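1. Give the three-dimensional model of this entry:
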Amino acid sequence: MKKDKVLSTLFVISRWFVGIVFLFSSFSKGVDPMGTSYKIQEYMTAWSIGSLSFEWALPLATFLSISMIALEFLIGMLLITNCCRKLSAWMLMLLMTFFTVTTLIDAITNKVTDCGCFGDMIKLTNWETFWKNVVLMIFTVCIFICRNMPKKKKTFERDILVFVFSIAIIVAFQLYNIANEPILDFRSWKIGNRMMPEEKGEVKSYLIYKNKQTGEQQEITSEQLMEYYQDINWQNTWEFVDSKIVDPNEIYADGFSMMSVDGVDYAKEIISSEEPIFIITIHHLDKVGKKGINKIQHVYNYVKDKGINTMLLVSISYTPEEIEAFIEANIPDGIEYYYADEKAIETMLRSNPGFILLKESVVLGKWHYNNSGDILNMSTEDIQDLDIMINKNKSSEQ
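-> Numbers count the residues shown, from 1 in each chain. Sure thing, here's the model as predicted:
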């Protein structure tokens, strides 16, 4: 009896602990299922078994993302409500075995630096992710061992209701976040975020010298170098190693650039503009449908009539000829365009195409093309006033 009571207590603790973790994990990814889809694509591209690659499955990434998140949420709900005990125990054991093995291989190889197990909400290293799964695996084993413990009463109808309701609500939640920008944004390009320092700092150049005897390195400015060179002993003791430039005006988005056709990066000048800048983003030019093109045309004409500087940001994987052909076919008046890394554009906006409004390096608004009607309702005063615009777009997100 005492043994049964201990097992029963461990079973309840394990169910609630793993259930809450799974619900949190599925929610953090469910708010942005496209982000999880991109992460799955990254795994498919980076991983292979011998000569067998997984790139053939890339078109299935979004379906797999929705399915995996739904499965996590379902398991979490079943554990907390103690429904479908045997089924949930088997699903949990299989899923956790897959996750644990996958994250161990990932931690050893480091082919994908972030597993995305909590989306963009919480970032973990590969080893942190693996040890997190080891802890969960301990509770999973407890749940699996106790799966045959008798229930006090049969709850077949309740089990089916929880099962169906859980799948329906998480799939609907994900589809909503795919058809719109995520309801919670944990990325750098969040509405209201400043993408560059408000006060411009001085760009400084440093020279790196190494002590020939001790191997010690030191960084010195060009001005300091002139002083040091007056000392003959210093010249004989230290040798040049490298140089670096420290720019305090960097954009708060790793690796972001806006390259012109001639290879010049205009990102800092464009983002920090004192006048509003409206950017149409396209990360997959060949996947823009008729509806997306129609939205681009309506929004572009409306914004242009407002006198707002508008430009196109396209993935660097497309040639100038492909982009110009797209512009000629869909934007007869022509539009200035720039290149950026595909992943950088996907981080800005999941929508393809998408729309983003910036002023003085602050993100005033972001829109999925399905919500482009909100742009057409903006007044010039809204756009010019930072506070009004930010508050208005944060309200529309909620």
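2. Give me the contacts around stretch 306-315.
-> If you take C-beta atoms under 8 Å, 6 or more residues apart in numbering as the criterion, stretch 306-315 is touched by 258, 270, 273, 275-285, 300, 303-304, 323, 327, 331, 335-342, 345, 348, 378, 380, 383. Bear in mind the C-beta positions are built from the backbone N, C-alpha and C, glycine included.
3. Just the buried subset of those, written out for PyMOL, thanks.
-> Typed into PyMOL, the line below selects the buried ones among these, using 16 or more other C-beta atoms under 10 Å:
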select buried, resi 258+270+276+277+278+279+280+281+282+283+285+300+303+323+327+331+335+337+338+339+340+341+342+345+348+378+383
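4. Make sure F256 is indeed in a strand.
-> No. Counting by DSSP: H, G, I helix; E, B strand; the rest coil, one finds F256 to be coil, located in no strand.
5. change the start of the numbering to 393 and stick with it
-> Yep, numbering from 393; the last one is F648 now.
6. List the contacts of stretch 608-628.
-> So stretch 608-628 is contacted by 596-604, 630, 633, 636 (C-beta under 8 Å, 6+ apart).
7. so for that stretch, what's the average pLDDT?
-> The predicted model gives stretch 608-628 an average pLDDT of 80.
8. can you give me the offset of it from its chain's centre?
-> Computed by C-alpha atoms, centre = their mean, to the nearest Å, the chain-centroid distance of stretch 608-628 equals 44 Å.
9. Quick check: end-to-end length of it?
-> 14 Å (C-alpha to C-alpha, to the nearest Å).
10. likewise stretch 565-577?
-> Distance across stretch 565-577, first residue to last, is 15 Å (C-alpha to C-alpha).
11. Can you point out the buried residues in it?
-> By 16+ other C-beta under 10 Å, the buried positions in stretch 565-577 come out as 565-566, 569-570, 572-574, 576-577.
12. Which of the residues you listed fall within helices?
-> When DSSP state H is applied, those are split such that 565-566, 569-570 fall in helices.
13. helices and strands around the strand or helix carrying G411, which ones?
-> Following DSSP states H and E, one finds G411 within helix 394-422. Secondary-structure packing of helix 394-422 (3 or more C-beta pairs under 8 Å, 6 or more residues apart in numbering; DSSP states H and E): helix 453-473, helix 518-537, helix 548-571.
14. Save those as JSON lines, and put in distance to T711 too.
-> Below are those laid out as JSON lines (distance: least, C-beta to C-beta, whole Å):
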{"stretch": "helix 453-473", "distance to T711": "25"}
{"stretch": "helix 518-537", "distance to T711": "36"}
{"stretch": "helix 548-571", "distance to T711": "29"}
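15. winner for burial among these?
-> Most buried of the helices and strands packed on helix 394-422 by mean neighbour count (mean count of other C-beta atoms under 10 Å) is helix 453-473; its value is a mean of 21.
16. average pLDDT across that one?
-> Averaged over helix 453-473, pLDDT sits at 95.
17. My read is that K696 contacts D725, right?
-> Yes. Between K696 and D725 a contact is recorded at 7.4 Å, counting by C-beta atoms under 8 Å.
18. Take the contacts of stretch 608-628 and write them to CSV, including neighbour count and distance to T517.
-> Compiled in CSV, the contacts of stretch 608-628 are given as follows (neighbours: other C-beta atoms under 10 Å; distance: C-beta to C-beta, whole Å):
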residue, neighbour count, distance to T517
K596, 13, 31
S597, 11, 33
Y598, 16, 29
L599, 17, 33
I600, 13, 28
Y601, 19, 33
K602, 16, 31
N603, 13, 34
K604, 11, 37
W630, 20, 37
V633, 12, 30
K636, 10, 26
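19. Pick out the most distant pair among the residues you listed.
-> Between any two of these, the greatest separation by C-beta to C-beta is 25.7 Å, found for K596 and K604.
20. one step back: list the buried ones in the helix holding G411?
-> Neighbour counts over helix 394-422 (16+ other C-beta under 10 Å) mark 403, 406-407, 409-411, 413-415, 417-422 as buried.
21. closest to L444 among these?
-> Lowest distance from L444 to these (C-beta to C-beta) belongs to K421, with 27.0 Å.
22. quick one, what contacts the closest one?
-> Contact partners of K421, counting by C-beta under 8 Å, 6+ apart, are 427-428, 457, 461, 464, 508-511.
23. For the chain, which segments count as strands?
-> For the chain, the strands defined by DSSP state E cover 440-441, 444-445, 596-603, 609-613, 630-638, 669-674, 701-707, 728-732, 746-751, 754-760.
24. Just the closest of the buried residues of helix 394-422 to V533, please.
-> Distances from V533 to the buried residues of helix 394-422, taken as C-beta to C-beta, are shortest for S406 (8.7 Å).
25. My guess is that closest one contacts I537. True?
-> No. The pair S406 / I537 is not scored as a contact, 9.5 Å apart, by C-beta under 8 Å.
26. Per the annotation, how does this structure divide into domains?
-> 394-571, 596-638, 659-789 (automatic domain parsing).
27. how about CSV for those domains, with distance to A645 added?
-> Compiled in CSV, the domains of the chain are given as follows (distance: least, C-beta to C-beta, whole Å):
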stretch, distance to A645
domain 394-571, 13
domain 596-638, 18
domain 659-789, 7
